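Visitor: Can you look at this prediction? I've put the sequence above it.
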Amino acid sequence: MHLEFHDRPDTFLDAAGDLLAAEPVLGSVIASVTERTARELAQGRDSWPEAGAPFDRWWLAVRDGAGAVVGAAMRTAPFKPWPTYSLAMPDEAAALLAAALQDRGDVLGGCNGVLPGAGVLAAESARLSAATMTVGKHTRLWEATTVDVPPAPEGRLRRATEADVDLVLDWFRRFHAEADEQAGRAPDHAGGEHNTRESALVRIREGVEWLWELPDGEVAHLTGASLPSYGVSRIGPVYTPRKHRGRGIASHVVGALTRRGLEQGHRMCLFTDQANPTSNKIYEALGYRPVVDMAEHVIA
């Protein structure tokens with residue numbers, strides 16, 4: 001096994017593009033994040049310094065003895081503990097990566113991604129640094145090849161505009177805290193994704209954030225649907241304020257955006273928190289089926 005580190009998104013995509021194209025649903029997160037970074041750099045902007053991370057971001061292609069890329073990972077998350085995200089990789093490669101990062105002084109605070117490789121990376125990293133490893137969240141990746149869209153409630157679906165940015169940013173932040181509460185966990189305000197006004201504006205300008213507007217003009221729901229990467233669009237986040245829940249808004253919007261994507265020829269996927277049975281049942285009823293289980297590991 002050979003570990004090939006990249007400090008630029010374009011060179012990583014050149015190296016790992018065939019792997020991402022062969023497994024585009026599994027690779028959706030790495031592909032979409034890397035392509036967004038590449039677009040940002042092409043526009044002359046680099047948001048990474050704003051993350052305040054004590055290391056340089058990197059991407060990794062894992063090559064076997066014949067030189068074929070058989071795994072991939074990245075450390076680009078702009079929020080504490082700046083976790084890695086990895087696709088499926090051989091246990092040997094995960095152990096090699098843990099050792100390589102230890103040698104680089106690139107101490108890991110978290111490892112997310114496809115099991116069992118992400119778990120091996122987390123456990124070995126914790127062992128090498130005499131730390132403790134726990135699983136913070138069990139997640140599941142789903143894909144829909146067909147969709148059963150429930151009837152529309154009163155209102156209309158529209159794209160978010162720049163005038164909605166403050167609402168979108170607030171709901172991004174509420175989504176993570178309330179998702180923890182719904183799963184029975186204490187909200188983690190120090191970790192998890194930290195969105196900024198600029199990052200919300202980027203998503204709005206990309207046209208990937210959607211709102212459900214009631215007949216009186218009040219906005220009652222937010223769902224994201226990412227730009228397709230290697231033909232795959234990912235739904236999320238999905239957020240409805242408490243006072244508007246129970247009306248079927250989320251089910252309809254996710255179903256409608258899934259149908260829209262499928263009709264455009266995209267493969268559609270999303271992630272769920274395995275500790276939240278309600279969301280899992282909703283998406284399964286729409287037509288989503290499990291692809292692979294993942295986990296978010298914390299190293300302390």
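Guide: Received, thanks. Numbers count the residues shown, from 1 in each chain.
Visitor: thinking Ala99 is in contact with Ser129, fair?
Guide: No. Between Ala99 and Ser129 there is no contact under CB atoms under 8 Å: 11.2 Å. Every residue, glycine included, has its C-beta placed from N, CA and C.
Visitor: What segments of the stretch 201-300 of the chain are helices?
Guide: 249-263, 277-286 (DSSP state H, counting those that start in this stretch).
Visitor: how about the strands in the chain?
Guide: Per DSSP state E, the chain carries strands over the ranges 2-6, 58-63, 69-75, 84-86, 110-114, 133-144, 156-159, 209-213, 219-225, 232-239, 267-273, 288-299.
Visitor: buried set for the second one?
Guide: By neighbour count, with 16 or more other CB atoms under 10 Å as the criterion, the buried positions of strand 58-63 are Trp58, Trp59, Leu60, Ala61, Val62, Arg63.
Visitor: JSON lines please, covering the residues you listed and showing distance to Leu26 and pLDDT.
Guide: Converted to JSON lines, the buried residues of strand 58-63 look like this (distance: CB to CB, whole Å; pLDDT from 0 to 100):
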{"residue": "Trp58", "distance to Leu26": "20", "pLDDT": "98"}
{"residue": "Trp59", "distance to Leu26": "16", "pLDDT": "98"}
{"residue": "Leu60", "distance to Leu26": "16", "pLDDT": "98"}
{"residue": "Ala61", "distance to Leu26": "15", "pLDDT": "98"}
{"residue": "Val62", "distance to Leu26": "14", "pLDDT": "98"}
{"residue": "Arg63", "distance to Leu26": "18", "pLDDT": "97"}
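Visitor: Residue ranges of each domain in the chain, please.
Guide: The chain breaks down by automatic domain parsing into domains covering 2-131, 156-292.
Visitor: Which one of those lies nearest to Ala300?
Guide: With CB to CB, the closest approach to Ala300 among these belongs to domain 2-131: 6.1 Å.
Visitor: quick revisit: and the domains of the chain, which one's lowest on average pLDDT?
Guide: Mean pLDDT is lowest for domain 156-292 out of the domains of the chain, coming in at a mean of 92.
Visitor: how distant is that domain from the center of its chain?
Guide: Distance of domain 156-292 from its chain centroid, counting by CA atoms, centre = their mean, to the nearest Å, is 12 Å.
Visitor: Between the two ends of it, how far is it?
Guide: 33 Å (CA to CA, to the nearest Å).
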